[in-house]
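> sequence first, predicted coordinates after that:
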Number of protein chains: 2
Amino acid sequence: MMKDGPYFEDLPVGTVCETGTYTMSREAIIEYARVYDPQPFHLTDEGAAKSFFGRLVASGWHSASVTMKLMVESEFFGTTGLIGLGVDELRWPKPVLPGDVVHVRAEVVENTPTKSGGRARLRWATTLLNERDEVVFSFVSLTLFPGRPH
Amino acid sequence: MMKDGPYFEDLPVGTVCETGTYTMSREAIIEYARVYDPQPFHLTDEGAAKSFFGRLVASGWHSASVTMKLMVESEFFGTTGLIGLGVDELRWPKPVLPGDVVHVRAEVVENTPTKSGGRARLRWATTLLNERDEVVFSFVSLTLFPGRPH
């Protein structure tokens, strides 16, 4: 059932994984916003100019969606069939602007085998960074990873 | 600048807001997944049949995006220009299936005026419910609301 890993034994605390990059085009920002977050500062320059942000910025949920996209396309979690338990502490410290080139960096900050054995609970400090290495989105991902088959 | 409310004084702990409904069509589930979360159980019945889920289910980030859509389209937070501080404790206790009719229910669980005054920090226990009133997605939203103008 689980052939290729990684298994929790392969992911000690401190392990860092990075994805490839993705360019947040103006078109993609507006298209996402049109469907899922139609607020003026995500839709048009004119609407954004009058807003708190002063210019067009990506929806925070668009950044979250792109983070998932990058992780899936990079086969970030391999093929072991991890179980996602939840996500904590979503923060958006800086806006994502049209043309920003983003990628995901995640570090294992906890790896606790379950009492019943055979699996471990992993926490990942996950960040979406722009091309200036600024964190534009961060969260903690809670996952359950299988152990290496005997 | 802030004309219409609601202001933090209008949102005591226990206040409940609900949005209209949205039908999670098979087409929208697949289209979101194709762009942002291309895992087999979000894309095709065949891929899903072999997965943990056994059938096509919506991406968790699609549910998050639809939650935002419903809140924006319902003018959930009014026009006071609240500030989003972050989101905590995202959980997906049940899968979202094609055809599910979902809506958002949010309850104020904390309303703490800032020391400097004029604003308050509000926490909202937010849930996305299906037509059987089952919670399919939940999170806690942290927001800063302005006070009523003097």
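Okay, I see it. Owing to the predicted nature of the structure, the values given are computational and were not obtained by experimental measurement.
> is it correct that residue A:37 is in contact with residue A:59?
Yes: with contact defined as CB atoms under 8 Å, residue A:37 counts as touching residue A:59 (3.8 Å). For every residue, glycine as well, the C-beta is placed using N, CA and C.
> spit out the residues that contact the two alike.
residue B:68 (CB atoms under 8 Å, 6 or more residues apart in numbering or on different chains).
> looking at the two, which is more packed in?
Taking neighbours as other CB atoms under 10 Å in any protein chain shown, residue A:37 and residue A:59 compare with residue A:59 leading, 25 against 22.
> what residues does chain A put near chain B?
Residues of chain A lying near chain B by CB under 8 Å from any CB of the partner chain: A:32, A:35-39, A:52, A:59-61, A:64-66, A:68-69, A:72-73, A:81, A:83-84, A:86-92.
> the most centrally placed residue in chain A in helix, strand or coil?
In chain A, the residue lying closest to the centroid (CA atoms, centre = their mean) is residue A:67, at 3.3 Å. When classified by DSSP: H, G, I helix; E, B strand; the rest coil, residue A:67 comes out as helix.
> sec struct for the closest residue to it other than its chain neighbours, please.
Leaving aside its sequence neighbours, residue A:67 sits nearest to residue A:128 (CB to CB, 6 or more residues apart in numbering or on different chains; 5.0 Å). Judged by three-state DSSP, the three-state class of residue A:128 is strand.
> now do the same contact list for residue A:128.
Residue A:128 touches A:63, A:66-67, A:70, A:96, A:102-104, A:135-138, counting by CB under 8 Å, 6+ apart.
> ok, now how distant is it from residue B:150?
40 Å (CB to CB, to the nearest Å).
> residues contacting residue A:18?
Residues in contact with residue A:18 (CB under 8 Å, 6+ apart) are A:103-106.
> try 10 Å
Residue A:18 is in contact with A:70, A:74, A:76, A:103-107, A:127, A:129, counting by CB atoms under 10 Å, 6 or more residues apart in numbering or on different chains.
> returning to what we had before: now which of the contacts of residue A:128 would you call buried?
A:63, A:66-67, A:70, A:96, A:102-104, A:136-138 (16 or more other CB atoms under 10 Å in any protein chain shown).
> now do the buried residues in stretch A:85-102.
Of all the residues in stretch A:85-102, those buried under the rule 16+ other CB under 10 Å are A:86-88, A:90-92, A:95-98, A:100, A:102.
> of all pairs in those residues, which one is the farthest apart?
A:86 and A:98 (31.2 Å; CB to CB).
> returning to that earlier point: out of the contacts of residue A:128, which sit inside helices?
A:63, A:66-67, A:70 (DSSP state H).
> can you tell me which of those residues is nearest residue A:16?
residue A:70 (14.8 Å).
> is that closest one in contact with residue A:20, as I believe?
Yes: counting by CB atoms under 10 Å, residue A:70 does reach residue A:20; the two are 6.7 Å apart.
> any common contacting residues for those two?
The contact lists of residue A:70 and residue A:20 share A:103-104, where a contact means CB under 10 Å, 6+ apart.
> next, count neighbours for the closest residue to residue A:138 other than its chain neighbours.
In space, and not counting its chain neighbours, residue A:138 is closest to residue A:127: 4.6 Å by CB to CB, 6+ apart. Number of residues near residue A:127 (other CB under 10 Å) recorded here: 22.
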